[in-house]
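Trainee: following is a predicted model, sequence given first.
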Amino acid sequence: MVCLLVSITLLHLVSLAMLFVATLEKSWWVWTESEITDLWHNCFFMNTTQTWVCASTTESDWLQSVQALMTLSVVFSSVSFLVFLGQLFILSRGKLFYFTGLCQAFAGFTDFAACLIFTFHKKEILSESRDLSKGRFGYCVILAWLAIPLLLVSSVLYVHLRKKQ
């Protein structure tokens, strides 16, 4: 039982860390190695000062929906983890972790919706006059996509997990 709890906790923390990095890091779309775009900024690397210079992205409805959904995903997963820790001490013996699993499932679904919107509406989101074929998805999009099955698997594990002691 202890091994299962540790495994679920580690799975949850890994998926939560992936969500944090995917939401806050600046590599959702890579134009060149020195110019990238994320959910919040357009950045380019200045060789003269050896620093990243960032400006706010141009707002669009699709971008705001992706920002909101990724933020909600992080919030749902964080709440789920805190509720899980609380339920370990409060829940009576034999009860299931339904609320924790539900919050984790919502985190997975909001992450899935954000990834779908960014993938299929990248032209409207990036709204650049540049050719999108000269850019590519950054590692944050890949992290966000990889977090979806982890979130959904952990939600199923939480729903089936019973408190033994």
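Mentor: Cool, the structure landed.
Trainee: name the residues of the helix or strand containing residue 115 that are buried.
Mentor: Element membership for residue 115 (DSSP states H and E) is helix 98-120. By 16 or more other Cβ atoms under 10 Å, the buried positions in helix 98-120 come out as 99-115, 117-118. To be clear about C-beta, it is placed using only N, CA and C from the backbone, and glycine gets the same treatment.
Trainee: how about stretch 55-64?
Mentor: Residues 57, 62-63 are the ones in stretch 55-64 that count as buried (16+ other Cβ under 10 Å).
Trainee: sec struct for the residue in the chain sticking out farthest from the centre, please.
Mentor: Distance from the centre of the chain peaks at residue 48, with 33.5 Å (Cα atoms, centre = their mean). Each residue gets one of three states, and residue 48 gets coil by DSSP: H, G, I helix; E, B strand; the rest coil.
Trainee: what's the answer for residue 43, then?
Mentor: Under three-state DSSP, residue 43 falls in the strand class.
Trainee: and the buried residues of stretch 55-64, which is the shakiest by pLDDT?
Mentor: pLDDT across the buried residues of stretch 55-64 is lowest for residue 57, at 78.
Trainee: what sits against that residue?
Mentor: Taking Cβ atoms under 8 Å, 6 or more residues apart in numbering, we find residue 57 in contact with 37-42, 63.
Trainee: what's the answer for residue 111, then?
Mentor: Counting by Cβ under 8 Å, 6+ apart, residue 111 touches 19, 69-70, 73, 144, 147-148, 151.
Trainee: cool, and residue 119?
Mentor: Taking Cβ under 8 Å, 6+ apart, we find residue 119 in contact with 137, 141.
Trainee: try it again with 10 Å
Mentor: The contact partners of residue 119, taken as Cβ atoms under 10 Å, 6 or more residues apart in numbering, are 66, 125, 137, 141, 144-145.
Trainee: what is the neighbour count of residue 10?
Mentor: 11 (other Cβ atoms under 10 Å).
Trainee: and it, which of the three is it?
Mentor: Classification of residue 10 by three-state DSSP places it in helix.
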